[in-house]
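In: pasting the structure only:
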């Protein structure tokens with residue numbers, strides 16, 4: 001089987017992220033004053049949503065919001081590693097459209113006390129500033145930091161509620177099907193799984209939304225760092241969704257199996273938490289294996305294309 005060496009992986013990563021420092025340039029001194037003024041105005045306009053966002057990230061009573069503490073520093077690190085393009089072509093008209101949309105969304109969302117759109121307006125405003133001073137190519141070069149910052153914004157409670165209920169039911173059905181496959185009598189009533197002597201309630205925390213979010217975040221990072229082609233990145237991201245749902249359903253089956261054959265304590269407390277962490281590890285390893293397979297396919301297609309191009313040349 002052909003082997004893709006680690007130096008080749010490093011080259012793919014640098015080409016993907018644009019982290020080759022030799023291609024970056026420092027900020028022109030002529031831009032220091034206007035860019036500094038723009039950043040001050042941006043900070044003044046978005047101080048409130050930024051403060052509320054950081055407050056949510058550091059609210060450890062709600063672990064669903066804490067991913068920003070990891071994703072935001074990664075976003076700024078990737079932006080720093082990518083650096084600035086050597087050619088600067090400001091897109092003033094497009095920048096004005098972005099800035100006007102950002103300010104309007106900021107004002108309307110503040111009136112409606114809607115935090116999600118207020119935070120999204122920050123990203124639109126930041127994109128407008130980049131377009132004004134550096135242009136479209138620079139904004140595209142920083143696609144990964146913007147995606148990570150977007151993923152770091154907590155979803156509205158309404159959206160979470162809409163996603164949680166279907167995920168609960170799907171996970172319950174998968175778990176019940178696997179239990180039945182093991183010849184254990186089972187009765188499924190919504191998100192309540194009844195096996196002889198025990199009723200298992202699939203709570204909101206067990207819906208799999210948290211693991212789904214984590215796998216999507218990991219899929220974005222792995223796709224950006226390892227894969228070079230858009231089709232492979234999209235494939236990895238798409239596969240992360242059913243993978244998270246299936247693994248969460250298997251976790252419910254495993255809990256019921258242990259409760260039925262081992263001990264009722266397996267459905268709660270330390271053992272239940274340990275099962276959850278084990279499923280996280282399996283999910284992350286599975287997604288990494290899929291990313292490695294896609295990387296191998298990319299390398300194989302690239303090696304096949306080189307001789308063809310040489311023969312035509």
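Out: Yes, it's here. Since this is a predicted model, take the numbers as computed values, not measurements.
In: Residue 228 in helix, strand or coil?
Out: What DSSP: H, G, I helix; E, B strand; the rest coil gives for residue 228 is coil.
In: How about residue 84?
Out: coil.
In: got a list of what it touches?
Out: Listed by Cβ atoms under 8 Å, 6 or more residues apart in numbering, the contact partners of residue 84 are 24, 25, 26, 27, 134, 138. Bear in mind the C-beta positions are built from the backbone N, C-alpha and C, glycine included.
In: burial measure for residue 261, as a count.
Out: The tally of other residues near residue 261 (other Cβ atoms under 10 Å) stands at 10.
In: wait, residue 189
Out: Residues lying near residue 189 (other Cβ under 10 Å) number 10.
In: ditto for residue 126
Out: Other residues within reach of residue 126, judged by other Cβ under 10 Å, total 20.
In: I figured it hits residue 45, correct?
Out: No. Assessed by Cβ atoms under 8 Å, residue 126 is found out of contact with residue 45, at 11.1 Å.
In: picking that back up, in a markdown table, list the contacts of residue 84 along with distance to residue 293.
Out: Below are the contacts of residue 84 laid out as a markdown table (distance: Cβ to Cβ, whole Å):
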| residue | distance to residue 293 |
| --- | --- |
| 24 | 33 |
| 25 | 37 |
| 26 | 40 |
| 27 | 41 |
| 134 | 37 |
| 138 | 33 |
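In: Which of those fall within helices?
Out: residue 138 (DSSP state H).
In: any weak-confidence spans in the stretch 201-313 of the chain?
Out: Judged by pLDDT under 70, the stretch 201-313 of the chain has its weakly predicted residues at 204-205, 266-272, 305-313.
In: Next, residue 292: secondary structure please.
Out: Applying three-state DSSP: residue 292 is helix.
In: Next up, the contacts around it.
Out: Applying Cβ under 8 Å, 6+ apart, we find residue 292 in contact with residue 226.
In: And it, how close does it get to residue 89?
Out: Residue 292 is 38 Å from residue 89, where distance means Cβ to Cβ, to the nearest Å.
In: Now the helix or strand where residue 161 lies: buried residues?
Out: Assigned by DSSP states H and E, residue 161 falls within helix 157-181. By 16 or more other Cβ atoms under 10 Å, the buried positions in helix 157-181 come out as 160, 163-164, 167-168, 170-176, 178-179.
In: Those residues: which two are farthest apart?
Out: Spatially, the most separated pair among the buried residues of helix 157-181 is 160 and 179, at 27.5 Å (Cβ to Cβ).
In: Excluding covalently adjacent residues, which one is nearest to residue 241?
Out: Using Cβ to Cβ, 6 or more residues apart in numbering and skipping residues adjacent in sequence, the residue nearest residue 241 is residue 212, 6.6 Å away.
In: So which other helices or strands are in contact with the helix or strand where residue 41 lies?
Out: Using DSSP H and E, residue 41 sits within helix 32-45. With contacts taken as 3 or more Cβ pairs under 8 Å, 6 or more residues apart in numbering; DSSP states H and E, helix 32-45 sits against helix 115-133.
In: So what angle separates the directions of the helix it packs on and helix 157-181?
Out: Using axes from the mean of the first three to the mean of the last three Cα atoms, to 10 degrees, the direction of helix 115-133 lies 110 degrees away from that of helix 157-181.
In: The residue nearest the centre of the chain sits in which helix or strand?
Out: Against the mean C-alpha coordinate of the chain, by Cα atoms, centre = their mean, the closest residue is residue 217 at 2.3 Å. When secondary structure is defined by DSSP H and E, residue 217 falls within helix 209-226.
In: what's the spacing between that helix and its chain's center?
Out: Computed by Cα atoms, centre = their mean, to the nearest Å, the chain-centroid distance of helix 209-226 equals 5 Å.
In: same check, this time on stretch 123-134
Out: 22 Å.
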